[in-house]
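Q: pasting a predicted model and its sequence here:
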Amino acid sequence: MYPQESLKELEEQIRIDFENANFPPKNWIIEETNHEIPVAIIGAGMSALCLSLALKAQGIPSILFEKKKEGDEGPWKEPALMQTLRSPKNLIGPALISPSLTFQAWFKAQFGHQAWESLDKIPRLQWDEYLKWFKKITQPTVYYESELVDLHIADQLTEITIRHSDQDKIYHVVHCVLAMGIDSFSSPNIPELVQNIPNYLWQHNYDTTNYECFKGLNVAVIGASAGAMDSAATALEHGAKSVEIICRCNDFPRVNRSKSASNVGYFAFYPEWSDQEKWDFQTYLRKEGTPAPHR
């Protein structure tokens, strides 16, 4: 029977499920010192929470290092601007070991089946609330306001330097996973032509949260990515006089090719792909592009 009252009843069901599944299993990896970590995960967003739960299910301890304050992790409050997620509402998401950990279970426990049937796409800020609940239930070890400032890879252990309260501390880790979203291997792409334009006349969409400044102005958005579309719509919602989108492509992406990665066959056989096949698939998705989220 579905929980009928509130999250409290759902959480009790999860507690029973965990108990009956002997979860979490006893850690089988022994930490030799306080500074040696089997797995360090940099970031505490959705991917980091999912990985931490998967490791815990295998009896492998991990520590998450998050540079933001607790409650601010992930992109969902900012810089993300879309009103809803692109993903279908019934995807399992990070809930790997219990159906009761899914967004669907969390939503139905609070708002009921009829509200679930009426829901089209998951509201972005509601997804953020769900992930915070997911973290509370799965209880990963997270060090907040702890930023990775250096990393050295060695044959045996990787050395990472974490800065907290202006103090640097070195940890030795067997595995280090960068789960930092766009911060991992990317940076804002600023065209050279902008360098000679005064800073007050332009902003990068990943940096700004003050769209009130566009009220009454004619705005140009360079690019046609999901972020560009979100910036254009948000500027109009905050009173911009007009918005023009400038892009190199002949047309906008209209089909989300990456949805093919949500079927069971993909998840079952992806580990068997060669590095070249994985690279080719991701290159294809990047070339095809991703449609902007609905608002």
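A: That came through fine. Residues are numbered from 1 along each chain as shown.
Q: okay, which residue is most central for this protein?
A: Nearest residue to the geometric centre of the chain (CA atoms, centre = their mean): residue 46, 4.2 Å.
Q: for it, list the residues it contacts.
A: 74, 93, 94, 131 (CB atoms under 8 Å, 6 or more residues apart in numbering). Heads up, the C-betas are built off the backbone N, CA and C, glycines and all.
Q: can you check residue 81 too?
A: 205, 227, 230, 231, 233, 234.
Q: follow-up on the earlier one: narrow the contacts of residue 46 to those in helices?
A: residue 131 (DSSP state H).
Q: show me which of the contacts of residue 46 is closest to residue 193.
A: When the contacts of residue 46 are ranked by distance to residue 193 (CB to CB), residue 74 comes first, at 32.7 Å.
Q: the closest residue to that closest one other than its chain neighbours and residue 131: what is the separation?
A: Taking CB to CB, 6 or more residues apart in numbering, and ignoring the residues beside it in sequence, residue 74 has residue 45 as its nearest neighbour in space, at 3.9 Å. Residue 45 sits 8 Å away from residue 131, going by CB to CB, to the nearest Å.
Q: what's the overlap in contacts for those two?
A: residue 74.
Q: pLDDT (mean, whole number) over stretch 278-285?
A: Across stretch 278-285, the average pLDDT comes to 93.
Q: ignore the last one, stretch 97-109
A: Here stretch 97-109 scores 93 as its mean pLDDT.
Q: just the buried ones from the contacts of residue 81?
A: Listed as buried from those are 205, 227, 230, 231, 233, 234; burial here means 16 or more other CB atoms under 10 Å.
Q: return the subset of these lying in helices.
A: Members of the buried ones among the contacts of residue 81 lying in helices (criterion: DSSP H): 227, 230, 231, 233, 234.
Q: pLDDT score assigned to the last one?
A: In other words, residue 234. 91.
Q: likewise for residue 168?
A: So, for residue 168, pLDDT stands at 96.
Q: next, count neighbours for it.
A: As a burial measure, residue 168 scores 11 neighbours (other CB atoms under 10 Å).
Q: does it sit in a helix, a strand or a coil?
A: Here residue 168 is strand, with the state taken from DSSP: H, G, I helix; E, B strand; the rest coil.
Q: and stretch 141-150, what's buried?
A: 142, 143, 144, 146, 148.
Q: on that earlier part again, can you put the contacts of residue 81 in a markdown table and add distance to residue 214?
A: Conversion of the contacts of residue 81 to a markdown table gives the following (distance: CB to CB, whole Å):
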| residue | distance to residue 214 |
| --- | --- |
| 205 | 12 |
| 227 | 16 |
| 230 | 13 |
| 231 | 9 |
| 233 | 12 |
| 234 | 9 |
